[in-house]
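[1] Sequence first, predicted model second:
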Amino acid sequence: HQWKIGTDNNWSNKSLFHITKIIMIKPLLSLITALSITIPLTYGQATTTTEMMDGDIPTHLTLTELELLLDSETATEFKTSSSEELLSDESTWEEANRYEWIKALNAEKSALSQKYPYLLCHTGANMSGWQRRLAIAKAINETVAEEEIYLHTLHNEDDYLCVYGQLLASVAMTLTEDVFVVQPVMASLKMIKGTVEGMTEEYAKALSDASGEGYFPKVDMGLCPGVALMEEGNDDTTTNGEGEEQSYFEYLQQVNGMGGSNSAVGDEGENLDGVEDITEAITNLLLSESLNNNSSEPAVLPLSQEFYTTSQAYIEYLNSSTNSTTGDNEQSERAQFWGDLLDEFQTSGICDETYKTRLTWKIYRSTQPTRASSQMQVVYNNTGETETDSGCALVLLLAISANPDVCSVDVRRGVEPSNQIASFMVESERQNQNPFRARGIDGTGETVTISDTGVDPDHCYFDDPNKSQPTGVTFDPSARKIQQYVPFVDTNDYQYGHGTHVA
């Protein structure tokens with residue numbers, strides 16, 4: 001995620017790496033009491049309505065606060081079609097949060113006793129981030145007994161700390177003190193900003209692929225803390241989908257051109273042992289309309305009802321007399337977008353065969369849950385694509401983000417070099433203007449030291465048919481290009497060639 005720092009649109013990428021482990025207790029289900037809204041909801045399974053008292057939920061973040069904290073699709077989800085501003089009184093956001101609490105409580109009451117993801121913030125004054133973390137852990141410990149849960153730090157500032165955690169709803173509901181903010185992580189919060197646009201772009205790229213090898217859109221899923229961990233006794237080196245040993249360091253080199261020897265995630269490729277329930281639940285949700293049409297009783301909750309802005313409750317809210325008095329009864333543009341997609345591609349069932357046969361799932365399990373979450377990836381095989389495939393791919397994003405074991409969703413975008421703009425960006429920051437080169441300053445005779453991923457000595461920029469490549473302490477000032485090469489790993493640049501590009 002990208003975080004907005006301060007109020008002046010400055011951005012920085014922050015690694016989500018601080019995690020703690022605490023001990024949980026079995027919750028008291030008596031905390032689930034009365035409620036005015038009646039909607040049958042639970043993930044992947046229709047159940048009876050959960051009831052709780054009006055107002056009996058913890059404080060959550062406002063849309064404005066979320067926009068400052070987290071660069072997700074949420075702001076887009078709750079903007080009206082006639083305005084670029086967030087809904088003025090945030091009443092729709094309030095109802096959406098209440099809807100998520102109902103879903104979470106129903107998930108807990110299901111046969112799976114499903115936990116739900118939350119963003120837990122502590123705003124206690126005159127405390128360090130570590131003290132706030134301990135306070136969150138202590139508050140949870142007062143409710144539950146011996147069950148491990150993991151908290152991953154997302155934001156640690158002078159005046160607040162926010163962590164991700166997956167809790168039973170009845171436990172999360174006990175965090176009602178003024179210093180706590182408990183935000184259910186709904187689908188739009190899981191989607192990194194640009195995910196919807198990214199899927200559209202990746203699919204367009206797939207359709208225009210002329211290589212003949214097939215370009216398959218990929219969706220990366222960050223599982224919630226503590227979900228699908230590596231079995232005890234395994235380490236960072238496991239087997240990939242082809243039975244070959246491969247560390248996560250090698251996996252990262254393969255997919256990103258980067259990695260770390262102390263990785264906290266193992267690579268198991270297509271070994272889906274233990275996560276079939278996640279893939280099955282997502283697939284069943286995609287097929288929910290067909291499954292329900294072939295059953296006398298609803299077998300699976302329709303996908304549209306997993307999202308407040310496409311649910312019947314939202315339509316009723318927009319039409320309610322209470323809401324009409326506020327003037328805030330316009331459907332958001334994104335809600336219309338999702339509704340149209342669901343009607344055309346999911347309710348109709350035209351994507352069912354695609355979802356049954358053309359999705360490939362992979363799992364990369366966390367070996368050190370106090371450092372990292374497990375990751376999953378789904379590859380959308382667009383071989384033999386039809387005109388419906390782009391819509392099917394977008395609906396897939398919805399089903400993935402609805403799963404309570406998934407905490408983040410992003411589309412993996414292909415790397416595209418921009419070498420054509422690098423030179424004028426360095427020299428002038430004006431397109432095609434190279435003032436240094438125009439004056440004959442091109443680096444001739446200068447020696448530059450670069451520390452990067454290595455250099456491909458056979459590349460046309462560096463090849464010297466009259467010289468062998470100097471290695472280690474050897475220095476050859478007469479070499480055409482590479483005068484010295486100190487290999488910290490090896491003497492090539494066999495992955496993405498970043499070092500070659502920089503040199």
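    Thanks, I have it. Residues are numbered from 1 along each chain as shown.

[2] so how many other residues sit close to Q484?
    16 (other Cβ atoms under 10 Å). The way it works is simple: take the backbone N, C-alpha and C, and place the C-beta from them, glycine included.

[3] close enough to count as contact, it and T474?
    Yes: using Cβ atoms under 8 Å, Q484 makes contact with T474 at a distance of 6.7 Å.

[4] residue ranges with poor pLDDT in the stretch 51-200 of the chain?
    Filtered on pLDDT under 70, the stretch 51-200 of the chain yields the residue ranges 51-55, 80-89, 145-147.

[5] which of the residues in whichever strand in the chain runs longest are buried?
    In the chain, with assignment by DSSP state E, the single longest strand is strand 147-156. Residues of strand 147-156 classed as buried under the neighbour-count rule (16 or more other Cβ atoms under 10 Å) are I149, Y150, L151, H152, T153, L154, H155, N156.

[6] and of these, the nearest to L359?
    If you rank the buried residues of strand 147-156 by distance to L359 using Cβ to Cβ, H152 comes first, at 27.1 Å.

[7] Could you check how far that closest one is from E73?
    H152 sits 20 Å away from E73, going by Cβ to Cβ, to the nearest Å.

[8] next one: A137
    A137 sits 30 Å away from E73 when distances are taken as Cβ to Cβ.

[9] higher neighbour count, these two?
    In this comparison of A137 against E73, neighbours counted by other Cβ under 10 Å, the higher total goes to E73 at 22 against 19.

[10] Tell me the backbone dihedrals of the closest residue to the more buried one other than its chain neighbours, please.
    The shortest distance from E73 to any residue other than its chain neighbours is 4.0 Å, reached at M191 (Cβ to Cβ, 6 or more residues apart in numbering). Listed backbone geometry of M191 is phi -80, psi 120, with angles given as degrees, to the nearest 10.

[11] Could you do T360 as well?
    phi -110, psi 120.

[12] What segments of the stretch 151-300 of the chain are strands?
    161-167, 180-184, 218-223, 237-239, 245-247 (DSSP state E, counting those that start in this stretch).

[13] all helices of the stretch 401-503 of the chain, in order?
    For the stretch 401-503 of the chain, the helices defined by DSSP state H, counting those that start in this stretch cover 419-427, 435-438, 498-502.

[14] Now do the buried residues in the helix ranked longest in the chain.
    The residue-count maximum for a helix in the chain (DSSP state H) belongs to helix 91-109. For helix 91-109, the neighbour count (16+ other Cβ under 10 Å) marks 92-93, 95-109 as buried.

[15] CA atoms only for that helix - export them in CSV, please.
    The C-alpha trace of helix 91-109 is given here as CSV (Å, rounded to 0.1, in the frame of the first residue of the first chain):
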residue,chain,number,x,y,z
SER,A,91,-24.1,8.4,6.1
THR,A,92,-23.6,5.8,3.4
TRP,A,93,-20.2,4.9,4.8
GLU,A,94,-21.8,4.5,8.2
GLU,A,95,-24.4,2.0,6.8
ALA,A,96,-21.7,0.2,4.9
ASN,A,97,-19.7,-0.4,8.1
ARG,A,98,-22.8,-1.7,9.9
TYR,A,99,-23.4,-4.0,7.0
GLU,A,100,-19.8,-5.4,7.4
TRP,A,101,-20.3,-6.0,11.1
ILE,A,102,-23.5,-8.1,10.3
LYS,A,103,-21.5,-10.1,7.8
ALA,A,104,-18.7,-10.6,10.3
LEU,A,105,-21.0,-11.8,13.1
ASN,A,106,-22.8,-14.2,10.7
ALA,A,107,-19.4,-15.5,9.6
GLU,A,108,-18.6,-16.2,13.2
LYS,A,109,-21.9,-18.1,13.7
